[in-house]
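Predicted model follows, preceded by the sequence.
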Amino acid sequence: MSDLEDQATEKGTPPPTATPAKTIYPETDLSQGIVGWDSQDDPANPQNFTSSKKWSLLALISSITFISPLASSMFSPAVGYMGAEFGETNETILSFSVTIYLLGYTFGPLLLAPFSEIYGRRIILSCSNWFFVAWQIGCALAPNITSLIIFRFFAGIGGVGPITLGAGVIADLFPIQQRGMATSIWAMGPLIGPVVGPICGGFVGEEIGWRWVFWILLIAGAVLSIGIEILNRETYAPVLLRRKTAQLAKDLNRSDLRSALDITTSTSTSTSTSPPSVSTILTQGLKRPLLLLCKSPIVLLLSTYMSVVYGLLYLFFTTITSVFEDSYGFSAGLSGLAYLGIGIGFMIGLFSIAVTSDKIVLKLTARNAGVFQPEMRLPTMIIFSCLLPISFFWYGWSAKYHVQWIVPIIGMAPFGIGMMGIYMPIQTYVIDCYPAYAASANAALTAERSLVGALLPLAGPKMFDSLGLGWGNSLLGFLALAFVPVPILFNRYGQRIRERYPVELGGK
């Protein structure tokens with residue numbers, strides 16, 4: 001998007017022109033000391049990359065985005081073997097050794113997203129990938145459960161890198177009318193990974209030991225990280241123009257040049273053309289995710305709603321392995337296959353959103369005299385939210401009465417469809433609202449939902465012990481049912497809330 005459109009959207013007002021119209025990019029004007037792109041078709045501009053290059057870069061970051069969430073749950077079916085080796089029987093501690101990884105997801109985005117908006121996506125993604133890989137060694141060699149918990153926490157901080165930065169890369173590369181499809185592809189990792197993880201981890205833990213879960217993650221993560229080092233390219237326009245400005249200033253021996261997309265100077269009231277200091281940029285960048293959560297009610301509300309759904313997912317996960325091992329006699333490996341029910345639901349939901357999201361936006365934009373509003377991403381949430389409660393009643397009571405094993409597995413699918421239909425529109429919505437700061441906006445979402453996903457499942461074992469499978473899942477179903485009207489409120493009042501509480505992210 002152009003600098004003018006970015007600023008307008010970030011302040012909570014609609015872009016001045018219809019979104020499908022051709023975006024005007026800032027061009028170099030050395031007479032004014034401004035460095036921009038060489039032309040509107042400058043191939044160095046990430047928005048002008050060829051389609052094959054754009055989708056290849058997205059596929060690259062999506063590949064590592066799959067491995068990281070895989071690590072969040074792959075250890076889950078093998079945790080019993082780890083407990084036996086370390087002599088640990090406390091269910092809460094065993095569960096915490098799994099969910100602590102998501103606690104790393106809570107803190108990591110608050111640092112990684114702002115740094116990517118200062119130093120660029122490529123270097124921060126590389127550092128976070130190798131940080132994730134290095135801590136897999138510690139997990140595989142952990143001498144006790146305390147060290148394992150600590151190592152998994154740090155692995156989570158590194159692992160959240162591609163999840164945090166993916167939203168930024170999408171905003172860097174794709175216009176609004178393509179972001180629904182792009183986000184659907186990128187989001188496969190965060191949503192499919194936690195489902196595939198238990199399937200793989202169950203067989204690995206059963207056949208070759210729980211430590212091999214981490215060795216496998218190490219190998220897969222290292223291979224993909226090497227590929228990313230070789231093939232990845234910088235996509236963040238402000239950083240690219242900042243580098244171009246520095247090079248031209250050196251070549252032309254001019255100290256008055258400044259980047260046309262310098263976020264700080266473009267949003268500042270100062271008339272100075274001198275570039276901002278690193279400390280100023282860093283301070284502003286680190287505040288952005290927290291500013292969005294504290295000063296933007298719509299981001300906070302959407303993030304809270306997503307967190308509730310995310311917490312329900314991980315509460316769902318707390319019973320699946322034990323139900324199919326104890327009630328249906330599955331082995332540790334086979335019990336992981338039970339997660340296919342929710343995984344198939346994810347795929348159906350993903351396909352539905354990928355096919356419809358951008359088409360709905362274009363149609364609604366045309367009806368609105370060609371003016372795009374980010375809230376046009378949200379109407380489908382109303383339908384998908386109605387699917388969430390179905391799974392809890394279906395799965396809970398069929399598992400309680402030991403109905404044939406395929407029935408509770410199928411019963412998980414509606415939740416997977418519904419969750420995807422909520423997760424995807426919210427994710428794309430914040431990218432559309434804050435394109436220049438999409439990584440920070442996504443960091444705000446990731447931090448809150450990961451905190452809920454890390455802590456809420458710890459209450460799962462006691463809740464199900466007290467209420468049983470039937471009423472325990474029914475309680476979750478009633479909670480999901482209570483939130484069904486929420487998307488209606490977002491669609492009716494979302495624009496009003498966003499425009500009433502604008503957030504200035506550029507700094508002063």
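That came through fine.

So Phe346 sits against Pro194, correct?
No. Phe346 is beyond contact range of Pro194, at 9.4 Å (criterion: Cβ atoms under 8 Å). Just so you know, the C-beta spots here come from the backbone N, C-alpha and C atoms, and that holds for glycine as well.

what sits in contact with each of those two?
Jointly contacting Phe346 and Pro194 under the rule Cβ atoms under 8 Å, 6 or more residues apart in numbering is no residue at all.

now for the helix or strand hosting Phe214, which elements pack on it?
Assessed by DSSP states H and E, Phe214 sits inside helix 211-231. When contacts are defined as 3 or more Cβ pairs under 8 Å, 6 or more residues apart in numbering; DSSP states H and E, helix 211-231 packs onto helix 51-74, helix 121-140, helix 188-207.

Return the following helix or strand past the second one as CSV; C-alpha atoms alone will do.
Same thing as helix 121-140. Later in the chain than helix 121-140, the nearest helix or strand by DSSP H and E is helix 145-159. Only the C-alpha atoms of helix 145-159 are listed here, as CSV (Å, rounded to 0.1, in the frame of the first residue of the first chain):
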residue,chain,number,x,y,z
ILE,A,145,12.0,-32.2,34.0
THR,A,146,13.0,-28.7,35.3
SER,A,147,15.6,-28.2,32.6
LEU,A,148,13.2,-29.6,30.0
ILE,A,149,10.6,-27.0,30.9
ILE,A,150,13.2,-24.2,30.8
PHE,A,151,14.5,-25.4,27.4
ARG,A,152,11.0,-25.6,25.9
PHE,A,153,10.2,-22.1,27.0
PHE,A,154,13.2,-20.7,25.1
ALA,A,155,12.5,-22.9,22.1
GLY,A,156,9.0,-21.4,22.1
ILE,A,157,10.5,-17.8,22.0
GLY,A,158,12.5,-18.7,18.9
GLY,A,159,9.7,-20.9,17.4
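
what inclination does helix 145-159 have with respect to helix 121-140?
On the basis of axes from the mean of the first three to the mean of the last three Cα atoms, to 10 degrees, helix 145-159 is oriented at 160 degrees to helix 121-140.

what distance separates helix 145-159 from the middle of the whole chain?
19 Å (Cα atoms, centre = their mean, to the nearest Å).

hang on, the earlier thing: among the helices and strands packed on helix 211-231, which comes closest to Ser97?
Taking Cβ to Cβ as the criterion, helix 121-140 is the member of those that comes nearest to Ser97, at 9.8 Å.

Secondary structure element holding the residue nearest to the spatial centre of the chain?
Geometric centre of the chain, nearest residue: Ile163, 4.4 Å, by Cα atoms, centre = their mean. Here Ile163 sits within helix 161-173, counting by DSSP H and E.

Strands of the stretch 201-350 of the chain, residue ranges please.
With DSSP state E, counting those that start in this stretch as the criterion, the stretch 201-350 of the chain has strands at 258-259.

what stretches of it score poorly on pLDDT?
The stretch 201-350 of the chain contains residues with pLDDT under 70 at 263-278, 281-282.

Check the gap between Ile61 and Trp186 for me.
Look at Ile61 and Trp186: by Cβ to Cβ, to the nearest Å, they are 7 Å apart.

To clarify, my last question referred to Ser352.
Distance, Ser352 to Trp186, using Cβ to Cβ: 16 Å.

Identify the residues contacting the host helix or strand of Phe464?
Assigned by DSSP H and E, Phe464 falls within helix 460-482. Residues outside helix 460-482 that contact it (Cβ under 8 Å, 6+ apart) are 91-92, 95, 308-309, 312, 314-316, 318-319, 323, 388-393, 395-397, 399-401.

among the residues you listed, which ones are buried?
The neighbour-count test (16 or more other Cβ atoms under 10 Å) marks 91, 95, 308-309, 312, 314-316, 318-319, 323, 388-393, 395-397, 399-400 as buried among these.

ok, Ser398 - contacts?
Going by Cβ under 8 Å, 6+ apart, Ser398 touches 407-408, 411.

just Pro379 next, same as before
Applying Cβ under 8 Å, 6+ apart to Pro379 gives the contacts 360, 364, 491.

and the helix or strand containing the first one, what other elements does it pack with?
Remark: Ile360 resides in helix 340-367, with elements defined by DSSP H and E. Where contact means 3+ Cβ pairs under 8 Å, 6+ apart, helix 340-367 is packed against helix 176-186, helix 188-207, helix 380-385, helix 406-411, helix 413-433.

ok, and the most crowded of the contacts of Pro379?
Of all the contacts of Pro379, Ile360 has the most neighbours under the rule other Cβ atoms under 10 Å, reaching 18 neighbours.

okay but that one is in contact with Met376, surely?
Yes. Between Ile360 and Met376 there is a contact under Cβ under 8 Å: 7.0 Å.

Dump the C-alpha coordinates for stretch 399-418 into CSV.
C-alpha atoms of stretch 399-418 as CSV (Å, rounded to 0.1, in the frame of the first residue of the first chain):
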residue,chain,number,x,y,z
ALA,A,399,-16.8,-40.6,24.2
LYS,A,400,-18.5,-40.9,27.7
TYR,A,401,-20.8,-43.7,26.5
HIS,A,402,-18.0,-45.4,24.4
VAL,A,403,-19.8,-45.1,21.1
GLN,A,404,-17.9,-46.6,18.2
TRP,A,405,-14.5,-44.8,18.0
ILE,A,406,-15.2,-43.1,14.6
VAL,A,407,-18.1,-41.1,16.1
PRO,A,408,-16.2,-39.0,18.5
ILE,A,409,-13.4,-38.5,15.9
ILE,A,410,-16.0,-37.2,13.4
GLY,A,411,-17.5,-35.0,16.1
MET,A,412,-14.2,-33.0,16.4
ALA,A,413,-14.5,-31.8,12.8
PRO,A,414,-17.1,-29.0,13.3
PHE,A,415,-14.8,-27.3,15.9
GLY,A,416,-11.9,-27.4,13.4
ILE,A,417,-14.1,-25.8,10.7
GLY,A,418,-15.4,-23.2,13.0
